[in-house]
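Enquirer: build me a model from this:
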Amino acid sequence: AAETSPPAAPRTVFVTGFPVFAARRLMKELVASGDRVWILARDKFLADAKQYCDGLSKQWPHSPPLRVFAGDILDIDLGLTGAEVRTLHAKVEEVHHIAAIGYLGTPTRKMRLVNVEGLREMLEVALGMKKLQRFCHWSTAFVAGSRGGVVMEDDLMVGQRFRNDYEKTKAEAELLARNAMRSLPVSILRPT
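Expert: This is a model prediction of the structure:
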């Protein structure tokens with residue numbers, strides 16, 4: 001008889017960025033693979049987040065329960081209670097930080113606040129995560145700005161011009177994520 005290994009215990013994965021498509025799609029894939037998915041949703045998206053999670057739970061009834069945390073990446077400790085932060089610190093094994101502003105009509109100050117300072121706050125919270133194996137920062141291929149050709153991962157702020165504030169703030173955020181690699185297991189994803 002062939003030996004079978006026991007199923008892996010579900011990972012606890014924390015996702016920011018709901019309700020954007022990438023966050024929803026990632027949540028669906030994580031739930032389908034058996035992971036325990038926890039998300040951060042701002043108050044104005046809370047009802048939609050709970051409804052989406054209920055739909056995923058119905059589609060995969062044997063998956064671990066999903067959990068929605070009401071908060072904001074711009075608030076200290078993501079706007080969570082002390083007990084909620086302690087829960088994240090004790091349980092989260094993987095973070096997918098997708099939250100960002102990409103709308104080009106957004107004022108520069110607000111875009112920088114969300115794209116750079118929001119990441120900084122998420123990294124601060126992640127520093128306390130005792131089981132953290134991976135912090136995935138969702139960046140963009142547009143951090144290359146006006147540069148052409150092959151752009152290596154560590155070729156960030158090298159005097160390139162940026163076509164807009166989105167490209168510039170995402171490059172600044174990616175630099176922040178790279179610096180955090182000294183103390184956190186950060187991976188940077190650059191979708192187009």
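Enquirer: which ones are touching G118?
Expert: With contact taken as C-beta atoms under 8 Å, 6 or more residues apart in numbering, G118 is in contact with 73-74, 99-100. (C-beta placed from N, C-alpha, C; glycine too.)
Enquirer: mind redoing it with 6 Å?
Expert: Applying C-beta atoms under 6 Å, 6 or more residues apart in numbering to G118 gives the contacts 73-74, 99.
Enquirer: ok, and the closest non-adjacent residue to it?
Expert: Excluding the flanking residues, the one nearest G118 by C-beta to C-beta, 6 or more residues apart in numbering is I73, at 3.6 Å.
Enquirer: residues contacting that neighbour?
Expert: I73 sits next to 16, 99, 118, 121-122 when contact means C-beta under 6 Å, 6+ apart.
Enquirer: with H137 instead?
Expert: Residues near H137 by C-beta under 6 Å, 6+ apart: 97, 177, 188.
Enquirer: for S33, see how far away the last one is.
Expert: Distance from I188 to S33, counting by C-beta to C-beta, to the nearest Å: 22 Å.
Enquirer: hmm, back to that, by neighbour count, which of the contacts of H137 wins?
Expert: Highest neighbour count within the contacts of H137: H97, with 27 neighbours (other C-beta atoms under 10 Å).
Enquirer: which residues in this structure form helices?
Expert: 21-32, 46-59, 82-91, 108-112, 118-126, 165-180 (DSSP state H).
Enquirer: in TSV, list these along with distance to L40.
Expert: What follows is the helices of the chain, written out as TSV (distance: least, C-beta to C-beta, whole Å):
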stretch	distance to L40
helix 21-32	10
helix 46-59	9
helix 82-91	9
helix 108-112	19
helix 118-126	9
helix 165-180	17
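Enquirer: what's the closest of those to T140?
Expert: helix 165-180 (5.0 Å; C-beta to C-beta).
Enquirer: now the angle from the closest one to helix 118-126?
Expert: For helix 165-180 against helix 118-126, the angle by axes from the mean of the first three to the mean of the last three C-alpha atoms, to 10 degrees is 30 degrees.
Enquirer: what does helix 165-180 rub up against?
Expert: The list of residues contacting helix 165-180 from outside it, by C-beta under 6 Å, 6+ apart, reads 102, 108, 111-112, 115-116, 119, 123, 137, 139-140, 142-143, 145, 156, 162, 186, 188.
Enquirer: give me the distance from it to the chain's centre.
Expert: 14 Å (C-alpha atoms, centre = their mean, to the nearest Å).
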